[in-house]
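Peer 1: got a predicted model here, sequence first, then my questions.
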Amino acid sequence: MKKIIYMIMIFIVLVSVPSILIKTFTDISSKPDAESSITTFSEADNDELIKMISAYNDQHKTEPINAKIDRVWKAIPGYNGLEVDIEASYKNMKPSTDIDTNKIIFKETSPEIHLSDLEPSPIYRGNPEKPMVALLINVAWGNEYIPGILKTLSDNQVKATFFFDGSWVKNNPDLATMINLEGHEIGNHAYSHPDLKQRSRNETVNELKKTNDVIEETLGIKPIWFAPPSGSFNQETILVANELGMKTILWTVDTVDWRKPATSEMVVRVVSGVSSGAMVLMHPTKAVFEGLETMIIEIKGKGLRLGTVSDLMSEKRIDD
């Protein structure tokens, strides 16, 4: 009996060994060549290439800038930093063991404090490290110059932020729609061009909400930026706008176009006052119509891009 049991055990072993060997061979041969022949990033802590990439990052990274409340300029948005994506750069260079700066891959790094984290406060400018300028065009009159201004913006591939008076939208839905279809940003400029500094809270709510309603009804969009008429506001104005989902926008440089200045003088004053992060206030006037293209060309000539308020307030970097 013992002999029979012994023979059965030998038979089982002889049958099992080939299948075990086959499975082991299959597992080994199924591993990707790359995994067996190239060191993975997680295994390469002491790789000299990683050390060189890390050293390059230490020399070239830019720290992000937090949004803040400035004593003079009030709320200022943050700006992303820039650092080397070490893992992506490493993979982009392997199997080489020498650093190739042309294969360095950068990534943006976000600030810890954002514009949305700040207490409600007026905004007069973008971040001074961002080489961009925004054009603010407040519209309550000046219809005859709007088509020409739109053509100039289109010809120069520039988008602006138009702040609409609510009663103007109600009376000029076609022009409002034209501006919107050109891809420009739309903001709230109250309903009847009031002096909001002298208005009650309820009156302010009515002015801003009524304007949002007519813009949404006409264009299907809800503004996120509010520009107080004549720049007149108080803290209650800021709080009401914030409660309605809007931040309050003022300006850095004023064309003062409503005074009917000589076009050339206006252009010189504006361009000389513009720097990174500036917001330029204007209206659809004759001086702006005549001088807009020159302003755009000269602002770009200073190495500055032009964009909407949202573009300027964004933390996204602008790098050559």
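Peer 2: Okay, I see it.

Peer 1: stretch 71-85: end-to-end distance?
Peer 2: 36 Å (Cα to Cα, to the nearest Å).

Peer 1: and that stretch, how far out from the chain middle?
Peer 2: From the chain centre to the centre of stretch 71-85 is a distance of 11 Å (Cα atoms, centre = their mean, to the nearest Å).

Peer 1: would you map the helices across the stretch 151-300 of the chain?
Peer 2: Assigned by DSSP state H, counting those that start in this stretch, the helices in the stretch 151-300 of the chain fall at 166-171, 173-181, 201-219, 235-243, 263-273, 286-301.

Peer 1: ugh, wrong one, I meant the stretch 1-150 of the chain
Peer 2: 2-29, 33-37, 48-60, 86-93, 146-155.

Peer 1: confidence-wise, which of the ones you listed is weakest overall?
Peer 2: Across the helices of the stretch 1-150 of the chain, helix 33-37 has the smallest mean pLDDT, namely a mean of 40.

Peer 1: how about Asn66: what's its closest non-neighbour residue?
Peer 2: Distance criterion Cβ to Cβ, 6 or more residues apart in numbering; nearest residue to Asn66, sequence neighbours excluded, is Ile113 at 3.9 Å. No exception for glycine: its C-beta is placed from N, CA and C like everyone else's.

Peer 1: quick check: angle from the longest strand along the chain to helix 286-301?
Peer 2: Counting residues, the longest strand found in the chain (DSSP state E) is strand 132-139. Relative orientation of strand 132-139 versus helix 286-301 (axes from the mean of the first three to the mean of the last three Cα atoms, to 10 degrees): 170 degrees.

Peer 1: note down every partner strand of strand 132-139 and its orientation.
Peer 2: Here strand 132-139 is paired, per DSSP bridges, with strand 161-164 (parallel), strand 279-282 (parallel), strand 305-307 (parallel).

Peer 1: let me know which of those strands is tucked in deepest.
Peer 2: With neighbours taken as mean count of other Cβ atoms under 10 Å, the strands paired with strand 132-139 reach their highest mean count in strand 161-164, at a mean of 26.

Peer 1: show residues contacting that strand.
Peer 2: 134-139, 176, 179, 184-189, 211, 215, 225-227, 249, 308-310 (Cβ atoms under 8 Å, 6 or more residues apart in numbering).

Peer 1: contacting residues for Met266?
Peer 2: With Cβ under 8 Å, 6+ apart, Met266 has these contacts: Thr255, Val256, Asp257, Ala287, Val288, Gly291.

Peer 1: now, which of those sits nearest Lys316?
Peer 2: Checking the contacts of Met266 against Lys316 by Cβ to Cβ gives Thr255 as the nearest, at 27.2 Å.

Peer 1: hmm, back to that, now the angle from the longest strand of the chain to helix 173-181?
Peer 2: 170 degrees.

Peer 1: from now on call the first residue 15
Peer 2: With the count now opening at 15, the last piece we talked about shows up as strand 146-153.

Peer 1: quick one: strand 146-153 to helix 160-169, angle?
Peer 2: Between strand 146-153 and helix 160-169, the angle comes out at 160 degrees (the same axes, to 10 degrees).

Peer 1: which phi and psi does the closest residue to Gly259 other than its chain neighbours have?
Peer 2: Among residues not flanking Gly259 along the chain, Ile238 sits closest, at 6.4 Å (Cβ to Cβ, 6+ apart). Here is the backbone geometry of Ile238 (degrees, to the nearest 10): phi -120, psi 0.

Peer 1: what sits against Ile238?
Peer 2: Counting by Cβ under 8 Å, 6+ apart, Ile238 has contacts Gly201, Gly259, Met260, Lys261, Ser324.

Peer 1: is the first one bridged to anything, and to what?
Peer 2: For Gly201, the beta-bridge partners are Phe177 (DSSP bridges).

Peer 1: surely Ser68 meets Ile100?
Peer 2: Yes: using Cβ atoms under 8 Å, Ser68 is in contact with Ile100, at 6.0 Å.
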